[in-house]
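> Sharing a model prediction with you, sequence too.
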Amino acid sequence: IPSLTKVLVYSGTTTIGLIIVVGLTIAFGRVYCSTLCPLGTLQDIIIHIKKKIYRKKRFEYIKTPFFFHYSLLAAITIFTIGGSLTLLNLLEPFSNYGRILTNTIEPTTTFINNILAGFFGSFQNYVLYNIPLRDINASILISAIVFLGLLVYMSYYHGRLFCNSLCPAGALLGLISRFALFKIVINKIACNDCGACEKVCKANCIESETKRIDFSACVGCFNCIKSCPTDGIIYSAARIKIPVKDSSEFNPTRRKFFKEMATPVIGLTLPGLANIDSAAVKSGYDANKKHPVTPPGSRSIQHFSNLCTACHLCVSTCPTQVLYPSFLDYGLTGIFQPKMNYDASYCNYECTICSQICPSGAILPVDVDTKKLVQIGKSIFVKDDCVVVANKKDCAACSEHCPTKAVYMVPFEGKLKIPEQNNDICIGCGACEHACPTTPRKAIYIAPNWVHLQAQKPKIQKQEKGFDSKQDFPF
């Protein structure tokens, strides 16, 4: 789904992963769901555990709720076209699995690692080392736990019900699999009506009584073929049928009309970032701080919010942990999407990992030299809050930590010096804000650029003792 979102926005652009998944589905049905989908693997683990506990408990045919499932897919499509990823972020399997790992599994393993590191360290054994615990947003943690609980319940009692009732990827692949070249079918001559295939079908799509398989709901686990004692279940080429022209065939004019009609409706019901006046940034400290800063490569806040599926890959791989899961910072249209959290850390001057790993195109790839000139925000200095002014004490933390020297010190009173800014070379990395010691609020902070700008290349000045970003950057 993240790859498809990227394709829809950048028409004519596709990804190898999307081509492979679509190709596999056209050829063999929904094998992606049972072999490649991480959330599908998690469900299989839960189902396997259930089999170990209740050996006699078997699956039985359940009519797939296609109307509900496809209606949900249609609703997600309408919301997405209208600029809201709310429903997609809540139900997309790849993104939910990423949030579960990042916000529940990773903190747990880190905590256990730190306990073991302390234990072994007491014996002068340093095979493990202490890893800083990542700050966790309580709302994100609760939502991840609730989703995991729902998934465990559905998988334990109803097999792959999530895949065939709530999952948008499952609905889309189910539509494509209807036209698969190879399908699982029942050989009515060889079938002896034992019902073994239905009992092991975790997708609940085999009705042994009528000898029918709903292949669009089949997740391609092939348990039925393995369990059949008479070769009554076979995997063969599908019969070639003359296609009937469907009234829903792609029509560019209809799609344009649909988008124009859907966008204002969603805009009224779910206010997005497009409706936020950028002038609000100038309205003061509190107004500035409540708006999120997006990472380099995301181009603009609207671009990022329109494409991010909240998979949290960037959050889990960020080496400085400045990328932080937000809740409603982008509004309902951008629920769970990450933001730059300068209270927790800063953006490394030479790091581009998030731009290389983003699967949806919300963060586009940038090289190191380009990234150093991407201005995601600008520094704002609140003079009255500064330690130098308020306490008459020396402090140059912001200047010392600034990689471009956009913040530098100038004479103030007597021997005291006070920060001054050159926002032409500021890139909004947040090093100054993170280093500022003032409380309860920072004397210098980063206000977001709604559309990312290009900063001027900083000049190395002798009075700064030959500052070199590779050698002298304090982080």
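Yes, it's here. Residues are numbered from 1 along each chain as shown.
> Same question for Q375, what's its three-state structure.
Following DSSP: H, G, I helix; E, B strand; the rest coil, the label given to Q375 is strand.
> Tell me where the stretch 201-350 of the chain has helices.
Applying DSSP state H, counting those that start in this stretch to the stretch 201-350 of the chain gives helices spanning 223-227, 252-269, 285-289, 301-307, 313-317.
> Show me the contact partners of the last one.
This points to helix 313-317. If you take C-beta atoms under 8 Å, 6 or more residues apart in numbering as the criterion, helix 313-317 is touched by 98, 101-102, 106, 295, 323-325, 338, 353-354, 357-359, 363. (C-beta placed from N, C-alpha, C; glycine too.)
> out of those residues, which are buried?
98, 101-102, 106, 295, 323-325, 338, 353-354, 358-359, 363 (16 or more other C-beta atoms under 10 Å).
> and which of the residues you listed is nearest L36?
P359 (13.2 Å; C-beta to C-beta).
> from memory that closest one sits against H312, does it?
No. Assessed by C-beta atoms under 8 Å, P359 is found out of contact with H312, at 11.3 Å.
> and of the contacts of helix 313-317, the nearest to S399?
Nearest member of these to S399, counting by C-beta to C-beta, is P295, at 23.9 Å.
> Quickly find the element holding the closest residue in space to that closest one that isn't next to it in sequence.
Closest residue in space to P295, ignoring its immediate chain neighbours: C354 at 5.2 Å, by C-beta to C-beta, 6 or more residues apart in numbering. Taking DSSP states H and E as the definition, one finds C354 inside helix 353-357.
> same for that helix, what does it pack against?
Other helices and strands packing on helix 353-357, by 3 or more C-beta pairs under 8 Å, 6 or more residues apart in numbering; DSSP states H and E, are helix 313-317.
> Report the buried residues of the helix it packs on.
L313, C314, V315, S316.
> Now do it: distance to the chain's middle.
How far helix 313-317 lies from its chain's middle: 8 Å, per C-alpha atoms, centre = their mean, to the nearest Å.
> In PDB, list the C-alpha atoms belonging to it.
Taking C-alpha atoms only, helix 313-317 is exported to PDB below (Å, rounded to 0.1, in the frame of the first residue of the first chain):
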ATOM      1  CA  LEU A 313      10.300   2.800   9.500                       C
ATOM      2  CA  CYS A 314      11.900   6.200   9.600                       C
ATOM      3  CA  VAL A 315      11.300   6.400  13.400                       C
ATOM      4  CA  SER A 316      12.900   3.000  14.100                       C
ATOM      5  CA  THR A 317      16.000   3.600  11.900                       C
END
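> what about it, average pLDDT?
Taken as a whole, helix 313-317 has an average pLDDT of 93.
> And for stretch 394-404?
Per-residue scores along stretch 394-404 average to 94.
> Using CSV, list the CA coordinates for it.
Below are the C-alpha coordinates for stretch 394-404, written out as CSV (Å, rounded to 0.1, in the frame of the first residue of the first chain):
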residue,chain,number,x,y,z
ASP,A,394,27.5,32.9,30.1
CYS,A,395,25.9,30.4,27.7
ALA,A,396,26.8,29.6,24.1
ALA,A,397,25.2,26.1,23.8
CYS,A,398,23.2,26.9,20.8
SER,A,399,26.1,28.4,18.9
GLU,A,400,28.5,25.6,19.9
HIS,A,401,26.1,22.9,18.6
CYS,A,402,25.0,24.6,15.3
PRO,A,403,26.7,22.7,12.4
THR,A,404,26.4,25.6,10.0
